[in-house]
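**Student:** Quick one, fold the following:
(chains A, B and C)
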Amino acid sequence: MTLFGIPLETHPIWLTLQVATITTIVLLVIGVPIAWGLSRMRSRWRVVFEALVSLPLVLPPTVLGFYLIIAMNPNGPLTEFLGLFGFSGQLTFNFTGLVIGSVLFSLPFMVQPMMSAFQGLSEEVLDAARLMRAGFVDRFFSVILPLSRQGLLVGSVLTFAHTVGEFGVVLMVGGNIEGQTRMVSIAIFDHVESFEYAQAHLLSAVMVIFAFATLVGVYLINRRFSARLG
Amino acid sequence: MFAGNLTLTVGDFRMASGDFAFESDGVTALFGRSGSGKSTLLRAMAGLDRHTRGRLRFHDEVWQDGRRGLPAEQRDIGMVFQHAALLAHRTVRGNLDFAARRAPTDRGAAIDRDQIIERTGIAPLLDRAVANLSGGERQRIAIARALIGRPRVLMMDEPLAALDWRAKAELLDLFETVIRDFGIPTVLITHAPAEVERLADRVVFMADGRVERVEALREALGRADSPLFTEEGPVASLEGHLEPVADDPHRLSFITRPRAATDMPVTLWLAHDGRPTNTGSRRLRVRGDDVALARGPVTGISVQNQVAGRIEHIETSRPGRAAVFLELADGQRLVSEVTAHTIDSMGLADGQSVTALIKGAALMG
Amino acid sequence: MLKKTLMAALLASGWLSAAAAQAETLTVAVAANFTKAVEEIGAAWEEASGHEVRFSFGPSGKLLAQIRNGAPFDAYFSADTARPQRLVESGEARDFFVYARGKLALFSLELPVDERAEEILAQGAFRYLAAANPKAAPYGLAAQQVLAKRALYQRYRAAGKIATGESITQTFQFVATGNAQLGFVALSQLRDPQSPIQDRGHVWMPPAKDYDPIEQGAAALTRSKHPEVVDDFMAFLRSREGATIIEKYGYDTP
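**Tutor:** Model (predicted):
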């Protein structure tokens, strides 16, 4: 199967969807405990951690990307840390590197909606569940997550969309290798640079439609929930 | 039996109960103005705040010892919060199932689920989402849910405060019968004297974050300086039996329950607007303002309820006013609030026999 | 201030015209890769002429857009030749010339490319080779030509061995951080006294005939209010003294 004349399995769109999907799943798994911990934190250090999580929002992607290629080079601290768990090889310029970079860069997009969902939970409802003999794990899965699903959904959609649209970090960490790390945004950039406007338009149109649909989705989710819970 | 001494600091507020002890059977009201520490004490007793310190025993079970507390989820408490705290992601039935699935099987009040649903009147709501229910409906579900969890103690934190007057009256009726019939020990937080007078067997008075005193309701209503009288003046609470009157939908009869075998019941007539109300065993509030005193039965007057009583004692209730506490033939107590001038001009004194004239409209069923 | 006054007195008595003794300030737009070299030239020229010069550094394309939109620059030093030539054609600039020729370098922290570059390239015993995007950067095109000449470009590209930097700066970072074992960078990046890899690693210079010259062109802008001062700066840059500085930073001069 081919898409715009490129085999599907090496097409930037397919690669982008894969990276975005895995990034979203990984962030759901690690974002939930981070967001929960932050939302319940009463210490004054909380602002420090909150700022840390939000850092990718304000850092230029190239700065984050630069730190990442230092941390992830074959002798970098991250690579050596993973080496403790039996990892060997290189993190940059491949799929793993793209996912790690995207996870870090999209962290605030997942954690912030989750945090506000967790903070919006009624203490009384959680207390009521507790008095009905629901222990923490029980409460977490039967009350906290279901009641926060709007935040989880919005966070996932934003993370997915943001990963799809990301440029600076994936360029730096991925090395723009065709069929391996060339994602849609980079492909568009390359087409524009080489005056291949037709291809650029085509991919850009896909991106615009996708981004638009995503945002409509987010607003729909918000409206549906506010109608139901309001 | 609850006994202990708890402290809990929330923000700037410090609750330090001091030593307290009270029986847990029947209904115990935690009464005090807002900011007196009622809710904080209740949260501490329920084990909902890990910063709770001190000690607490429930019968011979230790619930709190220093820093260590029995986890809230192991205390078998059925809780009804002010705003019901229903699980918004579940239907009404789902809320009940949540409690049922986690209820203990070997202890607590085993009440038939269908009976709870019937008594709380929520059968038509079972398949509804909880989002669009009225405040009254939500509280009915909250109490049903609490009961289905087979609690050893029912705790209610201002369960009526957020409701309109009609829902309030209906739920007050519901609480009165459900608590009495199912016999679950209940701790009720309220700042409304009317709820105390209707429901409570004893009152824990709170002020400035500590327990001021614990009194049986009869004692709490037997002194003019009772905090229950601050807003509306002295009030009496009569135990008895409310019954419809044959052929007259606008009247009910209330036959009081004698305290001792030698006492005689008293019958009062109540005006009734026809809406459903709890008949059978219940309490009747009589405000001191609505009770006038005469030397003997009066004829040619609109007041139908004329009851003979003996003056127990007279106390100044507020400047220029006096509370006259009467013992009726049934051994129960009625209170009349009159002006200090009346006391003098009528020459009222302890031990005298008088007739209490109770305005019919004051006794709405 | 004292120095300036002395300088002015000296100049008034000497070999510069009286008109030039009036100290002017030039603003010059310079492609980012030429930053270090032009700063040193600027300092030397200020010393010699008594005028002042301020620089605005950035990507050539952005600077061009700023000029097109009325930025008050006196001269433009681009990283290519096409952009300044376009300004000359439209009458916005004059006196185009090539001020430097970039030199491509193969750099590696570990591999002995200085001794066995051809062998290493041919064997491909590395995981990643970094090069700038040929579509976006002239050094990338040059790297592509060097590889193509050895029939290696398609091979490595197909094997996913070429990590592409979107600029020569990013390409340099790929190699300097060890993520790519070797890479084609600009010699000027290695010659920079502040470069993080100063005196480290191995360098091989591909023969100049293997790639099209990487020429950087400049032109004086016609909107300048001090054309004579601009000419003086340009002349200084093209003098023996200027050329020495340019070459020191790893460029060839015409």
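
**Student:** so residue 65 is in which element?
**Tutor:** I'll assume chain A. Assigned by DSSP states H and E, residue A:65 belongs to helix A:61-71.

**Student:** hmm, I had chain C in mind actually
**Tutor:** Going by DSSP H and E, residue C:65 is in helix C:60-68.

**Student:** and that helix, how far from the chain's centre?
**Tutor:** Distance of helix C:60-68 from its chain centroid, counting by CA atoms, centre = their mean, to the nearest Å, is 16 Å.

**Student:** average pLDDT for that helix?
**Tutor:** The average of the pLDDT scores along helix C:60-68 is 80.

**Student:** What are the buried residues along that helix?
**Tutor:** Counting neighbours by 16 or more other CB atoms under 10 Å in any protein chain shown, one finds that the buried residues in helix C:60-68 are C:60, C:63, C:64, C:66, C:67. Just so you know, the C-beta spots here come from the backbone N, C-alpha and C atoms, and that holds for glycine as well.

**Student:** what lines up beside the helix or strand just after that helix in the sheet?
**Tutor:** Scanning forward in sequence from helix C:60-68 by DSSP H and E, the next helix or strand is strand C:75-77. Here strand C:75-77 has these sheet partners by DSSP bridges: strand C:25-31 (parallel), strand C:214-221 (antiparallel).

**Student:** Can you name the next helix or strand after strand C:75-77?
**Tutor:** Once strand C:75-77 ends, the next helix or strand along the chain (criterion: DSSP H and E) is helix C:82-89.

**Student:** where along the stretch 101-250 of chain B do the helices fall?
**Tutor:** B:113-120, B:135-148, B:165-182, B:193-199, B:217-220 (DSSP state H, counting those that start in this stretch).

**Student:** Likewise for chain A?
**Tutor:** For chain A, the helices defined by DSSP state H occupy A:12-40, A:46-58, A:61-71, A:77-83, A:95-119, A:123-131, A:136-139, A:145-147, A:149-165, A:168-174, A:184-193, A:197-229.

**Student:** which of these sits most buried?
**Tutor:** Highest mean neighbour count of the helices of chain A: helix A:168-174, a mean of 27 (counted as mean count of other CB atoms under 10 Å in any protein chain shown).

**Student:** So for residue A:49, what's the nearest residue that isn't a sequence neighbour?
**Tutor:** Excluding its sequence neighbours, the residue lying closest to residue A:49 (CB to CB, 6 or more residues apart in numbering or on different chains) is residue A:38, at 5.9 Å.

**Student:** ok, that neighbour touching residue A:48?
**Tutor:** No: using CB atoms under 8 Å, residue A:38 is not in contact with residue A:48, being 10.6 Å away.

**Student:** Which strand or helix spans residue B:274?
**Tutor:** Short version: residue B:274 belongs to no helix or strand, going by DSSP H and E.

**Student:** what's the burial count for it?
**Tutor:** 8 (other CB atoms under 10 Å in any protein chain shown).

**Student:** Let me see the contact set for it.
**Tutor:** Residue B:274 makes contact with B:249, B:250, according to CB atoms under 8 Å, 6 or more residues apart in numbering or on different chains.

**Student:** any idea of the pLDDT on it?
**Tutor:** Residue B:274 is assigned a predicted lDDT (pLDDT) of 73.

**Student:** And chain A, is the helix holding residue C:65 touching that?
**Tutor:** No: figure legend: helix C:60-68 not in contact with chain A (CB under 8 Å from any CB of the partner chain); closest approach 10.3 Å.

**Student:** Which residue, neighbours along the chain excluded, lies closest to residue B:359?
**Tutor:** residue B:290 (4.7 Å).

**Student:** The one you found touches residue B:338, doesn't it?
**Tutor:** No: Residue B:290 is beyond contact range of residue B:338, at 11.7 Å (criterion: CB under 8 Å).

**Student:** before we move on, back to that, report all helices and strands that the helix holding residue A:65 contacts.
**Tutor:** helix A:77-83, helix A:95-119, helix A:168-174, helix C:168-176 (3 or more CB pairs under 8 Å, 6 or more residues apart in numbering or on different chains; DSSP states H and E).

**Student:** Quickly, which of these bottoms out on average pLDDT?
**Tutor:** helix A:168-174 (a mean of 80).

**Student:** list the contacts for the nearest residue to residue B:264 once chain neighbours are set aside?
**Tutor:** Once flanking residues are discounted, residue B:264 sits nearest to residue B:329: 4.4 Å by CB to CB, 6+ apart. Contact analysis of residue B:329 by CB under 8 Å, 6+ apart lists B:263, B:264, B:265, B:266, B:307, B:308, B:309.

**Student:** Among those, name the buried ones.
**Tutor:** Among the contacts of residue B:329, those classed as buried by 16+ other CB under 10 Å are B:263, B:265, B:266, B:307, B:309.

**Student:** Strands - which of these land there?
**Tutor:** Per DSSP state E, strands hold the following members of the buried ones among the contacts of residue B:329: B:307, B:309.

**Student:** possible to save the buried ones among the contacts of residue B:329 as CSV with distance to chain C and pLDDT?
**Tutor:** Formatted as CSV, the buried ones among the contacts of residue B:329 follow (distance: CB to the nearest CB, whole Å; pLDDT from 0 to 100):
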residue, distance to chain C, pLDDT
B:263, 96, 88
B:265, 96, 91
B:266, 96, 91
B:307, 97, 93
B:309, 97, 94
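
**Student:** mind putting the buried ones among the contacts of residue B:329 in CSV, distance to residue A:148 included?
**Tutor:** Shown next, in CSV, are those (distance: CB to CB, whole Å):
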residue, distance to residue A:148
B:263, 60
B:265, 58
B:266, 58
B:307, 60
B:309, 61
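
**Student:** circling back: give the rounded mean pLDDT of the helix holding residue A:65.
**Tutor:** Here the average pLDDT along helix A:61-71 is 83.

**Student:** now it: how far from the chain's centre is it?
**Tutor:** Taking the mean of its C-alpha atoms, helix A:61-71 sits 17 Å from the chain's own mean (CA atoms, centre = their mean).

**Student:** what does stretch B:54-61 give?
**Tutor:** 24 Å.

**Student:** what's the burial count for residue A:177?
**Tutor:** Quick note: residue A:177 (other CB under 10 Å) scores 19 neighbours.

**Student:** which residue sits closest to it, ignoring its sequence neighbours?
**Tutor:** Counting by CB to CB, 6+ apart, the residue nearest residue A:177 is residue C:160, at 4.8 Å.

**Student:** what's near enough to touch that neighbour?
**Tutor:** With the criterion set at CB under 8 Å, 6+ apart, residue C:160 makes contact with A:177, A:178, A:179, A:180.

**Student:** got the contact list for the first one?
**Tutor:** This means residue A:177. Counted by CB under 8 Å, 6+ apart, residue A:177 has contacts A:93, C:160, C:162, C:163, C:164.

**Student:** Dump the residues you listed to CSV, plus secondary structure.
**Tutor:** Converted to CSV, the contacts of residue A:177 look like this (DSSP: H, G, I helix; E, B strand; the rest coil):
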residue, secondary structure
A:93, coil
C:160, coil
C:162, strand
C:163, strand
C:164, strand
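
**Student:** Surely residue C:61 and residue C:83 touch.
**Tutor:** Yes: when contacts are counted by CB under 8 Å, residue C:61 is listed as touching residue C:83 (7.3 Å).

**Student:** residues from chain A in reach of chain B?
**Tutor:** Checking chain A against chain B by CB under 8 Å from any CB, the hits are A:122, A:124-125, A:127-135, A:138, A:142-143, A:146-147, A:149, A:228-229.

**Student:** All set now, cheers.
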